[in-house]
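K.L.:
coords below, sequence missing:
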């Protein structure tokens, strides 16, 4: 793996292998180029200290210097052109511009690297309908074999590699494999090493290449967790005097992100402001600046930035930016404007029907704040056809099925398939356990919940704890057995033995359920599911009604609008003979959720 990452740049140009059997175009990399939404938790690389990262980079750089003769003396440029032309000119393209280029310009002059690179940039533009990374990679490979010192070619290939969109194609060429046979997508170390080598190659031929300087900074910031190094690259790019406003604006946005990671927030804010002043039409600048305000709790400032865009008379360009629409929808949701968020996502969905973020958030809001449950389900099922183990979609679909259908039977196969793909994933174990619980198969539910705890034993999954406690409370040992166990329940504080819980469980199931609820509440003191479960445990298993009421009172004070808590407390009031309180709580629940009244 690591060795291949170092020599691929040479093989990229020197390889004479063909691409037989790969068929037509299509987006096969499975990796988007949009990157991580700044509104979500930022996933950083595992690069060590700055010194260590630098040493790795220097080794790569020295090795590249030794490879140049091999690259530049490649004798196979003309020999491979016929195979490449046959593949590119006979495939079906969804883009008229692409099809015309292949049949006219490329067929008549396959060695015009300027035209090749211009066309690659067209393919990589989000507006291009062919959406084919493979064609872009193959054209770049060909262009760099024709002209190995092309700085723009190396920069574009580095961009694709950094985004995780080139590795499999390059690997298939190197190994003479059909693309479908390449399972290796490259680990993070290979991707940052390859990206840096390619950006450095671009800078070797054009030291004032702002795109390559920004690329080096992006790798340092996002893959090596080295904001200080990133600042150096971005500032070097900004010192170029011939930059246009859009390029300078992009570098300022990147520099702002480096300042933010260094907790230099005032400087970050200045950089964002300068970026927007230089290029008011830069949607990425406004998006990232709004995200910055959002993350630092300045919601009103974030709202001003985004609403200016979405309230403009011509908002078509805004809806072409999927991330911007998604982020604005998150802001609206945070401000309790869910119906407005749905409208924004509906408009974005028209332009980005394959975007998982847009699809998932739209489906979630449709089932939580509208009556379009069937459409929500359709969107989520579409997500799972694209990505069979897409966790947000499986979670939302499970909630939708359980709440509106009362069963998970319709998605049983999807849940089982997700677990088959990742048998040790606690989330998928929990979802399948929940399905068994709803079908009252407590034995299998208990088995899967314990398995989920086993696979997260160092930091037990809280949903596994709640689910297992619910199984034990509901019927794991039978009601009579539970009441017998309740009389022997240990009320003293004790540490829970997770190895026993993950295996066969503690000797006393009621004690085990109480400890599980207490564990959740120790981490999330206001968790209403845990409070409700604990109240039911004392009411149904221990017959300690006063203790149960005490817990319900606490839960209602924390979440007065939780209908399920109100109904549980109403039922307990009836058992305790307090019928006026029963009616009062029941009426409150019915106002919040009219169907709840029918469940009494």
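P.N.:
Thanks, I have the structure now. In this text the structure is predicted, and so the values were computed from the model without any measurement. Numbers count the residues shown, from 1 in each chain.
K.L.:
Would you enumerate the residues in contact with residue 289?
P.N.:
Shown in contact with residue 289 (C-beta atoms under 8 Å, 6 or more residues apart in numbering): 256, 272, 273, 275, 276, 305. Yep, even glycine has a C-beta here, placed from its N, CA and C like the rest.
K.L.:
Pull out the buried members of the residues you listed.
P.N.:
Buried by 16 or more other C-beta atoms under 10 Å: 256, 272, 275, 276, 305, out of those.
K.L.:
For residue 377, which three-state class applies?
P.N.:
Following DSSP: H, G, I helix; E, B strand; the rest coil, we place residue 377 in the helix state.
K.L.:
dump the residue contacts of it.
P.N.:
Contacts for residue 377 (C-beta under 8 Å, 6+ apart) come out as 363, 367, 397, 400, 401.
K.L.:
swap in residue 409?
P.N.:
Taking C-beta under 8 Å, 6+ apart, one finds 435, 439 in contact with residue 409.
K.L.:
Residue 138 versus that one, what's the distance?
P.N.:
46 Å (C-beta to C-beta, to the nearest Å).
K.L.:
Next: residue 347.
P.N.:
Applying C-beta to C-beta to residue 347 and residue 138 gives a distance of 35 Å.
K.L.:
In terms of neighbours, single out the busier of the two.
P.N.:
Each of residue 347 and residue 138 has its neighbours counted (other C-beta atoms under 10 Å); residue 138 has more, 20 against 17.
K.L.:
isn't that one right up against residue 169?
P.N.:
Yes: here residue 138 lies in contact with residue 169, judged by C-beta atoms under 8 Å, at a distance of 7.1 Å.
K.L.:
As a markdown table, the contacts of residue 289 with secondary structure and distance to residue 202 would be great.
P.N.:
Compiled in a markdown table, those are given as follows (DSSP: H, G, I helix; E, B strand; the rest coil; distance: C-beta to C-beta, whole Å):
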| residue | secondary structure | distance to residue 202 |
| --- | --- | --- |
| 256 | helix | 24 |
| 272 | helix | 27 |
| 273 | helix | 30 |
| 275 | helix | 23 |
| 276 | helix | 28 |
| 305 | helix | 33 |
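K.L.:
contacts for whichever helix or strand residue 419 is part of?
P.N.:
Assigned by DSSP states H and E, residue 419 belongs to helix 412-421. Contacting residues not belonging to helix 412-421 are listed as 381, 384, 388-389, 394, 397-398, 408, 425, 428-429, 431-432, 435 [C-beta under 8 Å, 6+ apart].
K.L.:
Going along the chain, name the helices of the stretch 401-550 of the chain.
P.N.:
Assigned helices in the stretch 401-550 of the chain, in chain order: 412-421, 426-438, 442-454, 462-471, 479-487, 498-502, 509-523, 528-536, 545-558 (criterion: DSSP state H, counting those that start in this stretch).
K.L.:
Could you tell me the least trusted of the ones you listed?
P.N.:
For the helices of the stretch 401-550 of the chain, mean pLDDT drops lowest on helix 479-487, to a mean of 46.
K.L.:
out of everything not next to it in sequence, what's closest to residue 134?
P.N.:
Leaving aside its sequence neighbours, residue 134 sits nearest to residue 169 (C-beta to C-beta, 6 or more residues apart in numbering; 5.2 Å).
K.L.:
how many neighbours does the one you found have?
P.N.:
Residues within reach of residue 169, counting by other C-beta under 10 Å, total 25.
K.L.:
Assess the claim that residue 332 and residue 326 are in contact.
P.N.:
No: counting by C-beta under 8 Å, residue 332 stays clear of residue 326, with 10.9 Å between them.
K.L.:
More neighbours: those two, which one.
P.N.:
Set side by side, residue 332 and residue 326 show more neighbours around residue 326, with 28 against 23, by other C-beta under 10 Å.
K.L.:
so which strand or helix has that one?
P.N.:
Here residue 326 is covered by helix 322-334, with elements defined by DSSP H and E.
K.L.:
Can you give the contact residues for that helix?
P.N.:
If you take C-beta under 8 Å, 6+ apart as the criterion, helix 322-334 is touched by 34, 37-39, 283, 286-287, 290-291, 294, 299, 302-303, 306, 309-310, 318-319, 338, 340-341, 344-345, 347-348, 351-352, 355, 357-358, 361, 365.
K.L.:
which residues of the stretch 101-250 of the chain score low on pLDDT?
P.N.:
131, 171-188 (pLDDT under 70).
K.L.:
do that again at 50, thanks
P.N.:
For the stretch 101-250 of the chain, applying pLDDT under 50 flags the ranges 175-177, 179, 181-182.
K.L.:
Tell me where it has helices.
P.N.:
Taking DSSP H, counting those that start in this stretch as the criterion, the stretch 101-250 of the chain contains helices spanning 107-108, 113-124, 133-146, 151-162, 167-174, 188-205, 210-222, 227-238, 245-261.
K.L.:
Residue 557: which of the ones you listed is closest?
P.N.:
Closest approach to residue 557 among those is made by helix 245-261 (38.2 Å; C-beta to C-beta).
K.L.:
Show me how far that closest one is from its chain's centre.
P.N.:
Centroid displacement of helix 245-261 relative to its chain, using C-alpha atoms, centre = their mean, to the nearest Å, is 23 Å.
K.L.:
ditto for stretch 133-148
P.N.:
With C-alpha atoms, centre = their mean, you get 30 Å for stretch 133-148.
K.L.:
And for stretch 516-523?
P.N.:
Using C-alpha atoms, centre = their mean, the offset of stretch 516-523 from its chain centre is 28 Å.
K.L.:
picking up where we left off before, which one (most neighbours) among the contacts of helix 412-421?
P.N.:
Ranking the contacts of helix 412-421 using other C-beta under 10 Å puts residue 429 first, with 28 neighbours.
K.L.:
contacting residues for that residue?
P.N.:
For residue 429, the contacting residues are 419, 448, 449, 451, 452, 455, 464, by C-beta under 8 Å, 6+ apart.
K.L.:
For residue 121, state which of those residues is nearest.
P.N.:
Within those, the smallest distance to residue 121 is 42.8 Å, found for residue 419 (C-beta to C-beta).
K.L.:
From residue 164, how far out is the closest one?
P.N.:
Residue 419 sits 26 Å away from residue 164, going by C-beta to C-beta.
K.L.:
Switch the helices of the stretch 101-250 of the chain over to a markdown table; also include distance to residue 571.
P.N.:
Shown next, in a markdown table, are the helices of the stretch 101-250 of the chain (distance: least, C-beta to C-beta, whole Å):
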| stretch | distance to residue 571 |
| --- | --- |
| helix 107-108 | 77 |
| helix 113-124 | 61 |
| helix 133-146 | 58 |
| helix 151-162 | 58 |
| helix 167-174 | 57 |
| helix 188-205 | 53 |
| helix 210-222 | 52 |
| helix 227-238 | 55 |
| helix 245-261 | 50 |
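K.L.:
With respect to residue 581, which of those lies nearest?
P.N.:
Closest to residue 581 of these, according to C-beta to C-beta: helix 245-261, at 51.7 Å.
K.L.:
residues near residue 532, how many?
P.N.:
When neighbours are defined as other C-beta under 10 Å, residue 532 has 23 of them.
K.L.:
so what's it up against?
P.N.:
552, 555, 564, 565, 568.
K.L.:
Pull the contacting residues for the closest residue to the fourth one other than its chain neighbours.
P.N.:
Nearest-residue entry for residue 565: residue 555, 4.8 Å, with adjacent residues in sequence omitted and distances by C-beta to C-beta, 6+ apart. When contacts are counted by C-beta under 8 Å, 6+ apart, residue 555 is found next to 528, 531, 532, 535, 562, 565, 569.
K.L.:
Quick one: residues contacting the first one.
P.N.:
Read it as residue 528. When the contact criterion is C-beta under 8 Å, 6+ apart, the partners of residue 528 are 555, 558, 559, 562, 564, 565.
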